[in-house]
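A.B. asks: sequence? don't have it. structure:
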């Protein structure tokens, strides 16, 4: 790989994702670190750990069997249940929480775990499904011959477990950084406070940025510690199971367990997708006075009031995702192929490990200068923010895809005189197109949902996520429900279009 | 390489086109809810021909987003006017030297208690901290003031937003000035120890009472009015009419020091502080309380002359805010 090209991509990534964090960390002084973890904050921290472990545990409990069933068995409806299983990631968790509290009245710490666990189970499910698919048919047949289906499953689980745990680590990261769900779910009865609350409250309280950044450091450390094993597991998962003469395994027959298994999958989908989306449809149509005319009216109103915001969200998110793809291709290739570049991997995930508020304020510190004023004031800043904050996902997905490309192909290109960039474009990019598309899609989806860091960027005001959250404040009515559904539809749209029109399936895993 | 560069080049125009900001517009940071303020801002544009680039806070951020942005942008201010839906953070910004002095002619008849002695900010269109009661669950006269939160019969049936952000924080901090430090500290400790339900926001307390999940709760008059508008079985109680009085929190507006468009900023402030806008805010869904006695208002909007108002020194509340926040965080975030 061409060093200048890697340096260019690394510099772009560092400016987008790293610089805002470096600038913020530089504001911390020694005095800010004093008394960072006292008895009160340690208790918050302990509760945060409990919440994260509980959510990740539930995500594992639901996601691993779901992923296995829809990817590797003859469970009825697997073809449509599998893509549907990703939808919870597209729904704002607060909408899921609102639905379940309205329907069940459930409050407290355990319901918070339930909401976060069911909202993030697709992370485990997609990792598990992908890992099961990567088990070579010959290896599985050998295991069946020696130990029957049960023996084959036991052997498979050893290969799949790292991938499933990788998804659980990500679920943990999502849960420990969320304070809105624990806060919302405990608004009646004993309060369930978590450490992410402390970070936000300190920003509101103190005019000393160093102190506020310091308050975030324990959470940053916890997040990174949970991401590092995920990175190690990713590397193992990426390298362990595929080679060039890979044979795709056949679906495992479930026999009399087919329908109970389908029931389990349907129950998981009902809890995580069906009920929240159904409730939104019910509210959009007027609730108890539901009618098609009411539904149509609510959507018309939502479109009329938020058309510009929806268009902005689409354009800005698509631009960010497009900007990230070439950088991800170069960096992902370097991470996978070059030993020297592997140390970059922990740095690449750094933007994922910091609280959104810290990243958002870092963006102001880096870009609000006379020389960059027009960029800072305009929508381009939102694109850079989205790209910096979520670009790591695309890089990791690209790296995972490069691992599946036979290096001999690139060597062949080198021998006929193709330069590094040409090999990347002509050999690697076509072979990894589905993963590059998946990276694009993931950055797009996360950008469409983003609010917490975007609040600090001027032009992010006119986005659909902003509009939904501001409207939710005044209660859930038909307008809010219709707007939330429109936003969800737009988030799903590119993936849906690819599924309908694309010849290959998108790969969204490293 | 050429193709990769071509691909990168494709992204750049997109970014460049997307980066064209409206440089001639007056920049307004507005923490009054977007649904209440957006139409008024458009009206200003229609009336004056001056374009406004309005940027809003989200309910989730409770003004922290915009205030923090103003601080972080200090080196290169890009905001001209800050319209805050409360007062404590504005006082803090003034104390930090971020605000310019401007004596708006529109503010001449606004009572002195709502004006900064140095003209760095002006208060207008207030909200009151009231009790929203579900009329199916609470009899008239059953709840009258802030101490009812501690009555065992209401534990689990009443709520207040957690006093760490927004108007509830300002209210909590104001109690330190009104009851004295020991009195307020003792009260908030009692709230915590009694297990009073602590909601996420005033909007949520309003929803819980509207839906009958709670019997009553503290909220702001604009939130109460939304519930009333939706036909919920609710009524309002102006608390502590025989004691401390009801806390009233005005919106505040100010011009930023070194604002990029100072002339336009002053025009916008004059317009926002006009009686006409205050009347429109009173007539709007947010039912803001005019701070001037002669501003027309609908029957459902009471003015400060109609009830006993808590006597609060806003400047003192704002100055002590960081200290109060720290104490309340120790108390309620554990």
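C.D. replies: Arrived safely. None of the values given here were measured: they were computed from a predicted structure. Numbers count the residues shown, from 1 in each chain, chains lettered A, B, ... in the order given.

A.B. asks: Low-confidence ranges, the stretch 351-500 of chain A, go.
C.D. replies: The stretch 351-500 of chain A contains residues with pLDDT under 70 at A:472-476.

A.B. asks: hmm, 50 instead?
C.D. replies: Along the stretch 351-500 of chain A, segments meeting pLDDT under 50 are nowhere present.

A.B. asks: Please apply the same query to chain B.
C.D. replies: Counting by pLDDT under 50, the low-confidence segments of chain B come to B:1-2, B:4-5, B:9, B:12-13, B:16-19.

A.B. asks: which residues in it form strands?
C.D. replies: For chain B, the strands defined by DSSP state E cover B:26-30, B:52-56, B:81-84, B:122-134, B:158-161, B:197-199, B:216-220, B:234-237, B:248-255.

A.B. asks: For residue A:36, find the nearest of those.
C.D. replies: strand B:197-199 (25.0 Å; CB to CB). C-beta coordinates here come from the backbone N, C-alpha and C atoms, glycine included.

A.B. asks: residues making contact with the closest one?
C.D. replies: By CB atoms under 8 Å, 6 or more residues apart in numbering or on different chains, the residues outside strand B:197-199 that reach it are A:187-189, A:191, B:156, B:158-162, B:205, B:208, B:214, B:217, B:332.

A.B. asks: Closest one to residue A:318 out of those residues, please.
C.D. replies: Each of those was scored against residue A:318 by CB to CB, and residue A:187 proved nearest at 36.4 Å.

A.B. asks: what about the closest one, neighbour count?
C.D. replies: 24 (other CB atoms under 10 Å in any protein chain shown).

A.B. asks: same question, residue B:25
C.D. replies: Residue B:25: 18 neighbours (other CB under 10 Å).

A.B. asks: And for residue A:104?
C.D. replies: The burial count for residue A:104: 11, using other CB under 10 Å.

A.B. asks: Would you enumerate the residues in contact with it?
C.D. replies: By CB under 8 Å, 6+ apart, the neighbours of residue A:104 are residue A:111.

A.B. asks: again, only this time at 10 Å
C.D. replies: By CB atoms under 10 Å, 6 or more residues apart in numbering or on different chains, the contact set of residue A:104 is A:111, A:114, A:275.

A.B. asks: before we move on, the earlier item: narrow the contacts of strand B:197-199 to those that are buried.
C.D. replies: Among the contacts of strand B:197-199, those classed as buried by 16 or more other CB atoms under 10 Å in any protein chain shown are A:187-188, A:191, B:158-162, B:205, B:208, B:214, B:217, B:332.

A.B. asks: Touching, residue A:37 and residue A:44? I think so.
C.D. replies: Yes - contact criterion CB atoms under 10 Å: residue A:37 and residue A:44 qualify, at 9.4 Å.

A.B. asks: Name the residues contacting each of those two.
C.D. replies: Joint contacts of residue A:37 and residue A:44 (CB under 10 Å, 6+ apart) are A:195, A:218.

A.B. asks: higher neighbour count, those two?
C.D. replies: residue A:44 (21 against 13).

A.B. asks: Can you tell me the element the more buried one falls in?
C.D. replies: Here residue A:44 is covered by helix A:39-72, with elements defined by DSSP states H and E.

A.B. asks: Counting by contacts, list what that helix packs against.
C.D. replies: Applying 3 or more CB pairs under 10 Å, 6 or more residues apart in numbering or on different chains; DSSP states H and E, one finds that helix A:39-72 contacts helix A:78-84, helix A:109-133, helix A:137-176, helix A:180-185, helix A:195-205, helix A:209-240, helix A:258-269, helix B:321-332.

A.B. asks: As JSON lines, these with distance to residue A:471 would be great.
C.D. replies: Below are the helices and strands packed on helix A:39-72 laid out as JSON lines (distance: least, CB to CB, whole Å):
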{"stretch": "helix A:78-84", "distance to residue A:471": "27"}
{"stretch": "helix A:109-133", "distance to residue A:471": "21"}
{"stretch": "helix A:137-176", "distance to residue A:471": "24"}
{"stretch": "helix A:180-185", "distance to residue A:471": "16"}
{"stretch": "helix A:195-205", "distance to residue A:471": "22"}
{"stretch": "helix A:209-240", "distance to residue A:471": "29"}
{"stretch": "helix A:258-269", "distance to residue A:471": "27"}
{"stretch": "helix B:321-332", "distance to residue A:471": "28"}
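
A.B. asks: Thank you kindly, that will do.
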